[in-house]
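# Here is a sequence with its predicted model. Questions after.
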Amino acid sequence: MRRKRSKSAKKLHKLSSFPWLQSKRFRVILAVGLISTILLLSAQFVASVEVKEPMTLYIPIDPKAREEQSKQVSMIFPSYTLWHWLVRYGGLRAGRYEIQVGERAFVVWRRLRNGLQSPVRVYLRPQRSPERLAKFLGEVLAYDSATWAASFASYPWESIGLTRYNWIGIFLPDVYELYWTTPPERLIQRVYEVYSRFWTEERRRKAESIGFTPIEVVTLASIVEYETYRNSEKPLIAGVYLNRLRLGMPLQADPTVIFATRQFDANRVTARMLEVDSPYNTYKRRGLPPGPIGMPSIESIEAVLNYTPSEYLFFCARPDGSGYHDFSKSYPEHLIKAKAYQKALNRWLAQKR
């Protein structure tokens, strides 16, 4: 009876069928191949990106633009690495990424692949209109100005107690740390959170003491903002406007007419501009306009909340070009000062030509 061969015997029999497997040359080739493979795999994970100085990489949101950029981005990865080819043929996520000299290529690739962005600090300065706010955001964040403008127009402002006229009032000037690809809806939520925290109980009490809601305070502050850049004068100018409102006088604020006509570069308000039919024309309409005429600074908001009481009803820019104003209690007194300013303005415009 034939005995069954052991497993080791079977293995030797199979090897004897392929004598080249037992050759020394083959074993050397196999060892070299294994070592080379191990070294190549190791090199994939220890290779560094090929950048000579720190760089910031912006990967666009648009898929087509992102695809076109892939070849250029792949050049920062050594060509012998897998990451070079993975990037070259896709696999990027939109975002803003900071890359340092000497960083491992695998770490950078994983960052791009998973969308692990570096945040950007955006200083949101006062903007003169919703259009300019959209333009500014389109310049510093990933979405373009048209997308921002459309989002502002379609956002359900009523859900947070605002209207299509006054929503810009929640955009308080501040430094916001954001991701470059922050979508409009998320930014609006973030801005509203900052606005809500700003309106502390103390500030709300001050607003109530002058008969205003927070957004009405911001509306008057936006007028003060574009009347003067001298912070020291802002509380007194705010007091003048509050005096007019209490007496039922029209505000007759030039910045509101400029906003209504969108002639932001105008050197003076003309008679023709005063005739514009707009809810923002405070020469024709009494009371506050329906919303802010831009983004006021925090100083202007505080100036309204902490206004300087006075008996003044009028003010006019000084003719010396200092940026300060002269204040008057009566209209005849104001006319004298206004004529002096207009005369100085005429001289300045003549020299400018």
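Nice, thanks for sending it over.
# In the stretch 51-200 of the chain, where is pLDDT below threshold?
The stretch 51-200 of the chain contains no residues with pLDDT under 70.
# could you pull out the strands for the chain?
With DSSP state E as the criterion, the chain has strands at 55-59, 95-99, 120-124, 174-178, 314-317, 325-328.
# how about the ones you listed in CSV, adding mean neighbour count and distance to Lys135?
Yep, even glycine has a C-beta here, placed from its N, CA and C like the rest. Formatted as CSV, the strands of the chain follow (neighbours: other Cβ atoms under 10 Å; distance: least, Cβ to Cβ, whole Å):
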stretch, mean neighbour count, distance to Lys135
strand 55-59, 15, 18
strand 95-99, 18, 19
strand 120-124, 15, 13
strand 174-178, 14, 17
strand 314-317, 20, 28
strand 325-328, 20, 30
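# who wins for proximity to Arg164 among those strands?
strand 120-124 (20.5 Å; Cβ to Cβ).
# can you tell me which residue is nearest the centre of the protein?
Leu137 (4.4 Å; Cα atoms, centre = their mean).
# what's the spacing between the closest residue to Phe264 other than its chain neighbours and Gln100?
Distances taken as Cβ to Cβ, 6 or more residues apart in numbering place Arg128 nearest to Phe264, at 5.6 Å, with adjacent residues excluded. For Arg128, the distance to Gln100 equals 39 Å [Cβ to Cβ, to the nearest Å].
# who has more neighbours, the two?
Arg128 (18 against 13; other Cβ atoms under 10 Å).
# shouldn't that one be in contact with Ser222?
No - Arg128 is beyond contact range of Ser222, at 9.5 Å (criterion: Cβ atoms under 8 Å).
# what sits in contact with each of the two?
Ile293, Gly294, Met295 (Cβ atoms under 8 Å, 6 or more residues apart in numbering).
# neighbours around the residue nearest to the last one when sequence neighbours are not counted, how many?
It refers to Met295. Spatial nearest neighbour of Met295, excluding adjacent residues (Cβ to Cβ, 6+ apart): Pro126 at 4.3 Å. Neighbour count for Pro126, taken as other Cβ under 10 Å: 19.
# cool, and the one 4 residues further on?
By the criterion of other Cβ under 10 Å, Pro130 has 21 neighbours.
# OK, contacts around the residue lying closest to it once chain neighbours are set aside?
Of all residues not flanking Pro130 in the chain, Ile168 sits nearest, at 5.5 Å (Cβ to Cβ, 6+ apart). Going by Cβ under 8 Å, 6+ apart, Ile168 touches Gln127, Ser129, Pro130, Leu133, Gly291, Pro292, Gly294, Met295.
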